[in-house]
Structures are given as structure tokens and as C-alpha cells.
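**Student:** Pasting the sequence and the predicted model now:
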Amino acid sequence: MTDQIRYRRPSPGTQPGYLHPSYVSSVKRAPTQPLVLLSHTLSETTGPQFAENDVMGSGGDLTRQPSGEPLGERIIVSGRVLDENGRSVPHTLVELWQANAAGRYLHEIDQHNAPLDPNFTGCGHTLTDGEGRYRFVTVKPGCYPWRNHQNAWRPAHIHFSLFGPAFATRLVTQMYFPGDPLLPYDPIFNSIADEQARNRLISVFDWEMTIPETALGYRFDVVLRGREETPMEKSSIHGQVTQRRKK
Ligand SMILES: [Fe+2]
């Protein structure tokens, strides 16, 4: 199959390196041979496509739970999804997952000594609108220890998965919060060599998005592929909590 769409490659240093020794688990999983680049085929450039009936109505509001509201600081997280040419990506699936306000995931592997919240699953999903905008209502996640090194704490962060128009544009990443004192010490955040690219992962406090007496607003725009591509994460909740258990 010939190339249908040729996506641009990210600039060197703007994506996390596969091997970043201070991020301990990268040592074992980093490839030791050069990667083999494969051409995109029709199946990677044309789907999957999602429709309104593929997502539940309240998937974007993580504070709406059957038996009560979650504890913690309520926040709005919203932004635009853009393609490599700066055009909006409409009607695309955006998913997020996160720890609760105490820094604990609702996941069997996460045995961190912090309380679970019976009113918080930490998972949400929505579709972008016609202009590529998405919006979540959630609570600010807590920081958590992860045993990567002595006294290691992850900065507060929210995991994102975005599909874009096709598998080849899928992006999994992490959003951080401005002014977090843990960012300079976090080897996952700092595995992206380029400072500008690294800072694309930090959301922006948005006064206009903030709802009086209700929730602070944070803007997080995401670029799928190209020179301005939002850095991909080279880990997952499984990678992080598994390390926590191992060490
Ligand atoms: Fe995490």
C-alpha cells in the first residue's frame, strides 16, 4: 500500500528519549537497535472515527457520580486539539485518567497509602466540538510517590489520550499544572530535552474559564504530530504504579 498521508516527523529533542537513565524503567525498555520506520497504510490514516453515541453523555464531567461528589479542588480543563498545520480537529475522541485529590489511582496495582474516594473513578472521555474544543470538569489530582529514586514524587498531572483523525495521529501524553515545585525534579517531565517542547505539557491558568465560587480553569491545547507536536508520554499508569510496587 502506498502512503496516503505523509505526516511530518517531530523536531529532534522535542519528544522524550526512549532511554533516559534517571527515569529508571526506561533503561530496561528502551530499544537497543535503531527503529525501523514503516510507511503508513490506509488503515492507519483513515480511522478510527468516533460518533456522539460512542461516548456517554456525562463522560466529560468526572464530578458527576451516582452517589455524591468527589473530594478535592474542582477544576475545569479545556482546550483545542490541533493538527500539524494548526487546524482544529473536530469530533475527535479525548480521554483522560488521573489520580484522585489524595494522589491515589482507582487501580488494583496502586497500593499507595492514601485514601480512595468512593465518588471518583478518575476516568473521563468526550468528543471535541466542531472547532476542536474539548472540556472536562474534574478535581485537581494529588501528587504521589513512585519510588523511582530517593524521595521521588510525581508532580500533579492528568493523563490524556487523543486519537485525532487516525491511528497515526494518536497521542498519549500528560498535562501538568503551572508553578508545580516538583517539575524540576521529575525525570518523566525532564526526559524531553527541548525546554519549549517540555513546557507545552504545562497547562495555563485561565481566568476566563474560571467559574466564580465553583472551579479554577486550566487551558491545555494539544497538537497532534508535526513540529509543534505535544510531546508523547513514554510511560503509562501501568508503568508508573508497577514501578511503585517493585521498589
Ligand atoms: Fe500518573
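**Tutor:** Okay, I see it.
**Student:** Please count neighbours and contacts with C-alpha atoms only from this point.
**Tutor:** Noted.
**Student:** Quick one: end-to-end length of stretch 62-81, please.
**Tutor:** 20 Å (Cα to Cα, to the nearest Å).
**Student:** Could I get the full set of strands for the protein?
**Tutor:** Secondary structure of the chain (DSSP state E): strands at 74-82, 93-97, 123-127, 133-139, 144-145, 153-154, 157-162, 171-176, 204-205, 216-219, 222-223.
**Student:** Of the ones you listed, flag the one that's most buried.
**Tutor:** Highest mean neighbour count of the strands of the chain: strand 222-223, a mean of 25 (counted as mean count of other Cα atoms under 10 Å).
**Student:** before we move on, back to that, with distance to Val27 and mean pLDDT added, can I get the strands of the chain in JSON lines?
**Tutor:** What follows is these, written out as JSON lines (distance: least, Cα to Cα, whole Å; pLDDT from 0 to 100):
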{"stretch": "strand 74-82", "distance to Val27": "32", "mean pLDDT": "97"}
{"stretch": "strand 93-97", "distance to Val27": "25", "mean pLDDT": "95"}
{"stretch": "strand 123-127", "distance to Val27": "29", "mean pLDDT": "94"}
{"stretch": "strand 133-139", "distance to Val27": "33", "mean pLDDT": "97"}
{"stretch": "strand 144-145", "distance to Val27": "20", "mean pLDDT": "96"}
{"stretch": "strand 153-154", "distance to Val27": "19", "mean pLDDT": "96"}
{"stretch": "strand 157-162", "distance to Val27": "22", "mean pLDDT": "96"}
{"stretch": "strand 171-176", "distance to Val27": "20", "mean pLDDT": "96"}
{"stretch": "strand 204-205", "distance to Val27": "32", "mean pLDDT": "98"}
{"stretch": "strand 216-219", "distance to Val27": "33", "mean pLDDT": "98"}
{"stretch": "strand 222-223", "distance to Val27": "28", "mean pLDDT": "95"}
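**Student:** Make CSV out of the ones you listed and add distance to Thr63.
**Tutor:** As requested, these are exported to CSV (distance: least, Cα to Cα, whole Å):
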stretch, distance to Thr63
strand 74-82, 8
strand 93-97, 13
strand 123-127, 10
strand 133-139, 6
strand 144-145, 21
strand 153-154, 23
strand 157-162, 15
strand 171-176, 19
strand 204-205, 20
strand 216-219, 14
strand 222-223, 23
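**Student:** Out of those strands, flag the one nearest Thr41.
**Tutor:** strand 171-176 (18.0 Å; Cα to Cα).
**Student:** What part of this protein, helix or strand, is modelled with the least confidence?
**Tutor:** helix 237-246 (a mean of 40; mean pLDDT, DSSP states H and E).
**Student:** Would you mind measuring from the spatially closest residue to Glu208 that is not a sequence neighbour to Arg6?
**Tutor:** Here the nearest residue to Glu208 in space, its sequence neighbours aside, is Gly217; by Cα to Cα, 6 or more residues apart in numbering that works out to 7.6 Å. To Arg6, Gly217 is 36 Å away according to Cα to Cα.
**Student:** Equivalent analysis for Lys234, please.
**Tutor:** Lys234 is 23 Å from Arg6, where distance means Cα to Cα.
**Student:** Neighbours of Ala51, how many?
**Tutor:** 10 (other Cα atoms under 10 Å).
**Student:** beta partners of His139?
**Tutor:** Not His; residue 139 is Val. Beta bridges link Val139 to Arg74 when assigned by DSSP bridges.
**Student:** residues in contact with it?
**Tutor:** Val139 is in contact with 62-63, 70-75, 100-101, counting by Cα atoms under 8 Å, 6 or more residues apart in numbering.
**Student:** Lys234 and Arg6 - which one has more neighbours?
**Tutor:** Comparing Lys234 with Arg6 by other Cα under 10 Å, the one with more neighbours is Lys234, at 19 against 9.
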